[in-house]
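Undergrad: Mind folding the following:
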Amino acid sequence: MFRTAAAGTLLAVLAGCGSSGAHPAGGPETPPPPSTAPAADPSAPASAPGASGVPGFGIAGSGTPESVTAALAALPENLRKRVPQFPPAPLPVKVSLPPATDGKAAFFSRIPTTEKIAFITIDDGWEKNPLALQLFQAANVPQSLFLEVNAIKDNPGFFLPLQTAGATIENHTITHATMTRLSLEGQKREICGGADKLAAYYGTRPTLFRPPGGSWNNNTLRAAHACGMKAVFTWTQTTDHGKLFYQNEEKVIYPGDIILMHFRPRFVDDYLAVLKAIHKNGLTPARLEDYIP
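TA: Next comes the predicted model:
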């Protein structure tokens, strides 16, 4: 119901990041030019005071009406009306994970739920758009950032304030290597190394993993488990150049769908397109981490 092989193939071409259903072996994406955003101190603490820019923000959805209004007012005028407002997400019902003795991390392309929620996930980290923080604050919803170490190492501090505005940092390897082209040990080096480096940057070790290009196999699940990852995620819909690409013929975001976007040059248009699509389908963004035991 949620995807077909043809839709998955189309999505792989459009997104440049592979398809979740067929375990593709596509190569890494070509990185855009280095960001012009000012570099931050890589050793900065993960809870830098005043990092949110607008007071009144803690975890996503906790922004006060005044702080959300201030964040909206801080956006350029042409963007303000494009940021929908959402009701609070319902209390999460956690999914089941395989027993530890199984030796594999869980795998999800969507969260099995009937609640009216969807999940925003953002990959890589090459493009560090200065409007990201204001957009996160104005939307006041959670998002999971699956960061690639090589993409963020020029300015890891850029992502610190995003955490105060509802973002959770998760693991997307060191080099964006295609997992199915690596041995079990090679996958461990990418996954464990990525998690360790992100922990050093942000103070908390990731527990969720997204394989680059959506390419994974049983060794990926074993390596992820060995590296302390609870679950491996692909996606159900994706976004690029301000347009949503669906993996279902109905062109609908269903409850529990995981939407993929990237830190790319069209980040603002992509993020607003995701918000619009979720809102249009009568859903609310929820925190992916809240559904994992």
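Undergrad: What segments of the chain are strands?
TA: Secondary structure of the chain, counting by DSSP state E: strands at 106-108, 117-124, 143-147, 167-171, 208-209, 231-233, 237-240, 243-246, 258-262, 284-285.
Undergrad: from these, which stretch is densest packed?
TA: Mean neighbours per residue, mean count of other CB atoms under 10 Å, is largest over the strands of the chain for strand 208-209, with a mean of 28. Using the backbone N, CA and C atoms, a C-beta is placed for each residue, glycine as well.
Undergrad: could you redo the strands of the chain as JSON lines and give each row mean pLDDT and distance to Thr220?
TA: Formatted as JSON lines, these follow (pLDDT from 0 to 100; distance: least, CB to CB, whole Å):
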{"stretch": "strand 106-108", "mean pLDDT": "98", "distance to Thr220": "9"}
{"stretch": "strand 117-124", "mean pLDDT": "98", "distance to Thr220": "16"}
{"stretch": "strand 143-147", "mean pLDDT": "98", "distance to Thr220": "14"}
{"stretch": "strand 167-171", "mean pLDDT": "98", "distance to Thr220": "12"}
{"stretch": "strand 208-209", "mean pLDDT": "98", "distance to Thr220": "8"}
{"stretch": "strand 231-233", "mean pLDDT": "98", "distance to Thr220": "6"}
{"stretch": "strand 237-240", "mean pLDDT": "97", "distance to Thr220": "20"}
{"stretch": "strand 243-246", "mean pLDDT": "96", "distance to Thr220": "24"}
{"stretch": "strand 258-262", "mean pLDDT": "98", "distance to Thr220": "17"}
{"stretch": "strand 284-285", "mean pLDDT": "98", "distance to Thr220": "27"}
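Undergrad: Using CSV, lay out those together with distance to Leu79.
TA: Formatted as CSV, the strands of the chain follow (distance: least, CB to CB, whole Å):
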stretch, distance to Leu79
strand 106-108, 32
strand 117-124, 17
strand 143-147, 17
strand 167-171, 19
strand 208-209, 29
strand 231-233, 29
strand 237-240, 16
strand 243-246, 17
strand 258-262, 16
strand 284-285, 18
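Undergrad: Those strands: which one's closest to Phe86?
TA: Among the strands of the chain, strand 284-285 comes nearest to Phe86, with 4.5 Å by CB to CB.
Undergrad: residue contacts, the residue nearest to Ala277 when sequence neighbours are not counted?
TA: In this structure, Ala277 finds its nearest non-sequential neighbour in Leu244, 4.8 Å apart by CB to CB, 6 or more residues apart in numbering. If you count contacts by CB atoms under 8 Å, 6 or more residues apart in numbering, Leu244 has them with Gln237, Thr238, Ile259, Ala273, Val274, Ala277.
Undergrad: Name the helix or strand of the protein that has the lowest mean pLDDT.
TA: In the chain, the helix or strand scored least confidently by mean pLDDT, DSSP states H and E is helix 5-15, which has a mean of 40.
Undergrad: Among the strands of the chain, which comes closest to Gln134?
TA: strand 167-171 (13.1 Å).
Undergrad: contacts for the closest one?
TA: Under CB under 8 Å, 6+ apart, the answer for strand 167-171 is 60, 122, 136, 142-147, 159, 163, 191, 194-195, 198, 202, 204, 206-210, 229, 287-289.
Undergrad: partners of Asp168 in the sheet?
TA: Careful, residue 168 is Thr; it's not Asp. Ser144 (DSSP bridges).
Undergrad: let's have the chain start at 54 instead
TA: Got it, the first residue is 54 from now on, which makes the last one we talked about Thr221.
Undergrad: Against Thr292, how distant is it?
TA: 19 Å (CB to CB, to the nearest Å).
Undergrad: Lys206: how many residues sit nearby?
TA: Using other CB atoms under 10 Å, Lys206 has 14 neighbouring residues.
Undergrad: what's the pLDDT at it?
TA: You'll see Lys206 listed with a pLDDT of 98.
Undergrad: Dihedrals phi and psi, it?
TA: phi -70, psi -20 (degrees, to the nearest 10).
Undergrad: Now do it against Thr228, distance only.
TA: Using CB to CB, we find Lys206 at a distance of 11 Å from Thr228.
Undergrad: Do I have it right that Ala191 meets Ser120?
TA: No. With contact defined as CB atoms under 8 Å, Ala191 does not count as touching Ser120 (9.8 Å).
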